[in-house]
Each structure stands twice: as C-alpha cells, then as structure tokens.
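Student: test case, fold it:
(2 chains)
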Amino acid sequence: MTTSEATAKPTTVVDSRGTMCPGPITDLFKAYRHANVGDVIELLATDPAAKSDTQAWAKRSGNEILAIIDEPDHVRIQVRIVKKGR
Amino acid sequence: MTESTRNIIVVGGGTGGTLAANLLAKHLGDEIRSGSIRIHLVSGARAHIFQPAYLHVAFKNQNPKDIVHDERTLLRQEVDLIENDAVKLDLTTQEVAFASGQKLGYDYLIIATGSVPNPEAIPGLKDAGLNFHTSPEESQKIWNAIEQFDGGHVVIGIAGVPHKCPPSPNEAAFLADDYFRKRGVRDKVKVSFLTPYPRPYPAEPMSKVVEPRFEKRGIEVVTFFNVESVDPAKREIYSLEGESLTYDLLIMVPPHRGADVVIKSGIGDADGWIPTDKNTMRIQGHENAYAIGDATNIPISKTGVTAHLEAIVATNNIVSSIRRRGELYKYNGRINCPFEMGSGQASFVVGSYDMPVKEIQPSRTRYAMKKAFARFYWRTLSGSWDWLLNAYFGKTHEIVKP
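Tutor: Got it, this is the predicted structure:
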C-alpha cells in the first residue's frame, strides 16, 4: 500500500537517512529484534534500495507495510509487526 | 614530565589505537622531546592479533601463533604503554580510570576500544555454534571440526548485525567449499549460507559478484533469516521471521556490541557504540575527545582499514589543535575491505559516504594484493608507510583550512 496521507502512529522511528545500502535495512532489522507484535516501526531513509528491500522482507516474513510516503528528500516506510518468532 | 605536560591518551591497542599512538609520536616529536606532550596507549592485553587472519586459522589451518605480535614491539619508543585495562572513561572530568585503581587525566583522548563479539545475545548460539570472530583458539576449533566432518549439513552465516568485517561470512562459505572440494567430500556436504539480508552480500553491486559464484559452487542461500535462537540439542536454528533449519555443523558470525568500558562509562548508545562525528571523528559534544574504528556508531564497515583511515584523521585534528593550525581533517568514509572468494581469487569492497559500493570482480592479482597487505600489516601500524597506502587508497579525507 502506498499513500501520502493516512499514517499510523509509530511505536519506533528508525532514522537511517544518509546511510547507504544496507544501512536502512540493517537498522530496520535491529528495531525488529526489539519490537513486539502490534508495534509500528517507521523507517526514514534516503537510500533508494530501502523501499524494495523492506517490501521484499515484509512479503517474505508476513509483516505488513502500512504506508510508503515519499517526502521531498527521503522516504518514510511504516511497517506493522504482525509476525515475529515461532 | 613537567608541570605543563599535556597528556594524550589512546585507549585500545588494536589497529586504530596502535596506529594513532604511533602517528601522534611521529607528528609531535618536538613537543615530546621538550616534555610538553606525553602520549600514553592503554591496553590490558600485550597480544596484538591480526584479526582478518582468523579466517585462515579456521579454514586453512594457519598457525594462530603467526598472527600475534607483542604490542610493545609495535609501538614507537616515545609511546608510554600502560598495561592496564581502562574501566572508566570520564569525558566530563577528562580522566581515565584503570583496573588498578589509578586514574590519569587527559588533554586529548582517542577511544579505539573496538567491538566485542556477542554470541550471548542469541539464545543457544554460544553452545551450538563455532565462530571465527572471538579468538584464535575459537577459530582453530572450526578447523578441528571441518577436518573431522565427513558429510552432512554445514550452515554458515550471519547471526546478527552489526558485525565486524562484512565480507567475512561470505568468505567463510567460499573457503569451506574450497576445503571440502580439496578433501574430496564436497558431494557429501551440503553448504547453506544464512543471511538477514535480501541477497547473498548486503550491498547489491557486490552481491552480483557473489551470487553466481555461490550458485556455481552449490552454496544454498537462505535470505531474510534474522536469527532468533538456536537449539543445540535438536541442532536447529530459528529466525525471527518464523523459519527454521537443521544443521550438523553451525558456523555463525555473532552480533557485535561496543566495549565494556564504553558501556560502563555511559558514553555509548544502547549497544555501546559511541556517537561520533562521521567526518572529524570527534565524539559528539566533545572538542578534545575522539573515537575511531569499530567503537563508533558510524554506519560504515567495521574493519581495520576504516580504523586506519580514521586514526589518520583523528590524530591530524589533535596535532592541528595543539599547534593551533586551525585545519580540520574530515574523513570521507572510504572503505576498502579485502574479499576472498576461494580458488585463490579475491575482490575488494570499495566505497565511501558519497560513493556507493562498486561491483569489482575477483582476480588472482587482487588475491595477491590481499596476501601482500596481510604481510605488510605490522609495518603499516608504525605510521611510516602512509605515503604508500595513500597512493593506493586515493582521497580518504579533506582538509578544511581556516
């Protein structure tokens, strides 16, 4: 889902702006490790691979992309953790 | 020491700390001779280990004794080696406290305390898995294990991020494959590579180099596998994503954290990485305290080359401050990680803050360069060979003049 308006209130904001691949996805994984089911992680990134990497991970892991918002100088990706662990 | 002697303390005797102390001694010879400056290097361990060679101890049976030198022999004579562990770094009172109970004040500080492999962060990992990141002895256990391994499932990979030396997990898979082929048992061994990333190597351009080579060698890649825990009894490894895998031999790079002294001093983030200006190497909020190498929170590779280039920047900024030159050195994030891909071939992971990692194909020439650098390592710590390294690395920093 891609939207420029409605967004959820994030539980954690991960600011990876200025880092290159794999910086944003690395930061997302660190936040995922500490997250609980139901949490919303918001990833801020400038690296273009952040979008596709996060989408691919969410699809594979069964977690939910709530929004991908293109801001003027970065992208904001919101992920709801719906699956973690066994 | 005179009343007006100023102390520069370097904490940590690894690549960055050793080079930093030697560069300061080299650049501040006049001040040291006049007694106005004293340089101290704090290291509780006398053994200086060339850590990239852990890989060869693990997969090529290199003698661990060959990769260790006495720290004192690597330091210029002007450097005072304090053989004690630092237990507290107080950036407010500008003091370093030692395990012995003594304290020493500083005028300038460089923290080069590195990173600590932390297998304890993943339940079950310490008991289940072997690794080549914690010590020469642990690396040797891998050689002993693969030597006796006649068939089954070998799982190699990344147990958590960040970790030092980003290419090392892939290198391990390549070298394990080489080893089992050489022994003639490769057809009885399944090799799987586990990674939390979407591709075999985190940065896409180099992943394009790795992927077809893994495929050709029959190394199975399991992506998006963030290790949650390991069950040594069942020989199963589980991911946060809900997947699991069984293994017969598990070789995982543990997640890393900052040094104990950084965590206990309360100067790092939640994982013990020191908030550092990525260009000047100054610790944020402190004009006279610097952090270099793995110890920082800078989002680039934790490698010896990075520590080396950051040591050059931090020491030049200290010299500039002492001599009131007003110049400011700024690191550009240049990385240059050797990347061994088996069959006597190697590549390099090259990039900077402004230049994404490039696609560089492996070759025998690059392997020869990697080997030459390993032999040359001990000399590079003196700081006397930077003219040669500079010629190879090209631009690694800029100098902002007043």
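Student: now the strands for chain A?
Tutor: For chain A, applying DSSP state E gives strands covering A:12-16, A:40-45, A:64-70, A:75-80.
Student: who does the third one touch, helix- and strand-wise?
Tutor: Read it as strand A:64-70. Here strand A:64-70 touches helix A:49-61, strand A:75-80, going by 3 or more Cβ pairs under 8 Å, 6 or more residues apart in numbering or on different chains; DSSP states H and E. Backbone N, C-alpha and C define where each C-beta goes, glycine included.
Student: and those, which is most packed in?
Tutor: strand A:75-80 (a mean of 22; mean count of other Cβ atoms under 10 Å in any protein chain shown).
Student: and the contacts of it?
Tutor: A:7-8, A:10, A:28, A:38-46, A:50-51, A:54, A:58, A:63-69 (Cβ atoms under 8 Å, 6 or more residues apart in numbering or on different chains).
Student: which element is B:Tyr367 on?
Tutor: helix B:364-380 (DSSP states H and E).
Student: what is the mean pLDDT for whatever helix or strand comes next after that helix?
Tutor: Note on helix B:364-380: by DSSP H and E, the next helix or strand toward the C-terminus is helix B:386-393. Averaged across helix B:386-393, the pLDDT comes to 88.
Student: next one: stretch B:94-105
Tutor: What stretch B:94-105 shows for mean pLDDT is 97.
Student: again, but for stretch B:322-337
Tutor: For stretch B:322-337, the per-residue pLDDT averages 96.
Student: before we move on, what about stretch B:27-47?
Tutor: pLDDT averaged over stretch B:27-47 gives 97.
Student: and for it, what are the contacting residues?
Tutor: B:1-2, B:4-13, B:17-18, B:21, B:24-25, B:68-72, B:75, B:78-86, B:96, B:98-99, B:104, B:315-316, B:319, B:322.
Student: report how many residues lie close to B:Ala374.
Tutor: When neighbours are defined as other Cβ atoms under 10 Å in any protein chain shown, B:Ala374 has 15 of them.
Student: tell me who's in contact with it.
Tutor: Residues near B:Ala374 by Cβ under 8 Å, 6+ apart: B:Phe50, B:Pro52, B:Ala53.
Student: for the last one, phi and psi?
Tutor: With angles defined as degrees, to the nearest 10, B:Ala53 sits at phi -80, psi -10.
Student: distance of it relative to B:Gly342?
Tutor: 17 Å (Cβ to Cβ, to the nearest Å).
Student: the first one too?
Tutor: Distance from B:Phe50 to B:Gly342, counting by Cβ to Cβ: 21 Å.
Student: compare these two and say which is more crowded by neighbours.
Tutor: B:Gly342 (22 against 19).
Student: skipping adjacent residues, who's closest to the residue nearest in space to the middle of chain B in space?
Tutor: Taking Cα atoms, centre = their mean, the centroid of chain B lies closest to B:Thr303, which sits 3.6 Å from it. Spatially, and ignoring its direct neighbours in sequence, B:Thr303 is nearest to B:Cys337 (5.1 Å; Cβ to Cβ, 6 or more residues apart in numbering or on different chains).
Student: again, but for A:Gln78
Tutor: A:Leu66 (4.1 Å).
Student: the residue nearest to B:Thr303: what secondary structure?
Tutor: Under DSSP: H, G, I helix; E, B strand; the rest coil, the three-state class of B:Cys337 is strand.
Student: the strand or helix carrying B:Phe214 - what's its average pLDDT?
Tutor: Using DSSP H and E, B:Phe214 sits in helix B:204-217. Helix B:204-217 comes out with an average pLDDT of 97.
Student: show the subsequent helix or strand relative to it.
Tutor: strand B:219-222.
Student: and that next one, what does it pack against?
Tutor: Going by 3+ Cβ pairs under 8 Å, 6+ apart, strand B:219-222 lies up against helix B:168-183, strand B:189-194.
Student: between the shortest one and helix B:204-217, what angle do the directions make?
Tutor: When axes from the mean of the first three to the mean of the last three Cα atoms, to 10 degrees is applied, the directions of strand B:189-194 and helix B:204-217 differ by 160 degrees.
Student: CA atoms of the worst-scoring helix or strand of chain B on mean pLDDT as CSV?
Tutor: Using mean pLDDT, DSSP states H and E, the weakest-scoring helix or strand in chain B turns out to be helix B:386-393, at a mean of 88. This file holds the C-alpha atoms of helix B:386-393, laid out as CSV (Å, rounded to 0.1, in the frame of the first residue of the first chain):
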residue,chain,number,x,y,z
ASP,B,386,51.0,6.0,4.8
TRP,B,387,52.6,7.6,1.7
LEU,B,388,52.3,4.2,0.0
LEU,B,389,48.8,3.5,1.3
ASN,B,390,47.7,7.0,0.3
ALA,B,391,48.8,6.3,-3.2
TYR,B,392,46.7,3.2,-3.2
PHE,B,393,43.6,4.5,-1.5
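Student: can you list contacts of that helix?
Tutor: With contact meaning Cβ under 8 Å, 6+ apart, helix B:386-393 is reached by B:His308, B:Leu309, B:Ile312, B:Arg334, B:Asn336, B:Thr380, B:Thr396.
Student: what's the closest of those to chain A?
Tutor: Closest approach between these and chain A, by Cβ to the nearest Cβ: B:Arg334, at 13.0 Å.
Student: so the closest one sits against B:Glu398, correct?
Tutor: No - contact criterion Cβ atoms under 8 Å: B:Arg334 and B:Glu398 do not qualify, at 11.3 Å.
Student: the two: who's more crowded?
Tutor: In terms of neighbours (other Cβ under 10 Å), B:Arg334 is the more surrounded of B:Arg334 and B:Glu398; the figures are 21 against 12.
Student: give the contact list for that one.
Tutor: B:Leu309, B:Gly351, B:Ser352, B:Phe393, B:Gly394, B:Lys395, B:Thr396.
Student: number of residues surrounding residue 74?
Tutor: Here I'm looking at chain A. Close neighbours of A:His74, defined as other Cβ under 10 Å, add up to 18.
Student: hm, I was asking about chain B
Tutor: 20.
Student: how close does it get to B:Ala99?
Tutor: 22 Å.
Student: before we move on, what about A:Lys30?
Tutor: Distance from A:Lys30 to B:Ala99, by Cβ to Cβ: 31 Å.
Student: more neighbours: those two, which one.
Tutor: Per other Cβ under 10 Å, whichever of A:Lys30 and B:Ala99 has more neighbours is A:Lys30, with 20 against 12.
Student: what helix or strand is the residue nearest to the more buried one when sequence neighbours are not counted located in?
Tutor: Closest residue to A:Lys30 apart from its sequence neighbours, by Cβ to Cβ, 6+ apart: B:Val161 at 6.7 Å. Using DSSP H and E, B:Val161 maps to neither a helix nor a strand.
Student: got the residues of chain B near chain A?
Tutor: Contact residues, chain B versus chain A (Cβ under 8 Å from any Cβ of the partner chain): B:160-162, B:196-198, B:202-204, B:223-224, B:226, B:228, B:238, B:240-242, B:244, B:299, B:351, B:353, B:356-357.
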